[in-house]
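Colleague: need coordinates for the below:
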Amino acid sequence: MMMNRKGKPLYMKILIAALIIALFFSVKTWNDNRERSLGELVNYDEEKFAGLGFTQNRNQIPEGQGFQWWTSNEEAAKELDEFFSQYNVKKISEEHYNKRLNKEPTFQYEIQLRDSNPILVHGMATRIHILVGHYYEVTNGPIDREWLVQFSKKYGESS
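Modeller: Have a look, this model is predicted:
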């Protein structure tokens, strides 16, 4: 039997290491798939805020633009964050998300940050896609589309 310097068999060390790795991945999988607040997932450093692009209906984006409107008003981003924080989501597959894509109106927004990658969010009444590759189903929705329309009117007209 192979022994290490402290007298423990080598297979025991390998077994313990394998158990630790399995435990780590189990906890990570549980954490990735648990229900949580959308605000927890779309978390950004307010001190790095540079701007917010918003579209309350993807079919209404003016030609040559990425969004219906853009603002550097930090209050708009805070209000949007507070609104979405009331919704809980659970991870789903891309295929499940895509079943409803193009069958209902979609919204999208981007939070641009200084010295960081932007946060990109696309969504429908009951589904959210946080780019790149994170798909969620709203568990306490649907998302209030009328609120999004009013939000867009409030900040989009002043941009």
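Colleague: now do the strands in this structure.
Modeller: For the chain, strands defined by DSSP state E occupy the ranges 36-37, 49-55, 69-71, 88-92, 107-113, 119-123, 127-130, 134-138.
Colleague: what packs against the third one?
Modeller: What it means is strand 69-71. strand 49-55, helix 145-156 (3 or more CB pairs under 8 Å, 6 or more residues apart in numbering; DSSP states H and E). Yep, even glycine has a C-beta here, placed from its N, CA and C like the rest.
Colleague: also the shortest one?
Modeller: If you count contacts as 3+ CB pairs under 8 Å, 6+ apart, strand 36-37 packs onto strand 88-92.
Colleague: just the buried positions in the strand it packs on, please.
Modeller: The neighbour-count check on strand 88-92 (16 or more other CB atoms under 10 Å) flags 88, 89, 92 as buried.
Colleague: for residue 50, state which of these is nearest.
Modeller: residue 89 (25.5 Å; CB to CB).
Colleague: for that closest one, give me its contacts.
Modeller: Residue 89 makes contacts with 35, 36, 37, 38, 41, 128, 136, 137, 138, 139, as judged by CB atoms under 8 Å, 6 or more residues apart in numbering.
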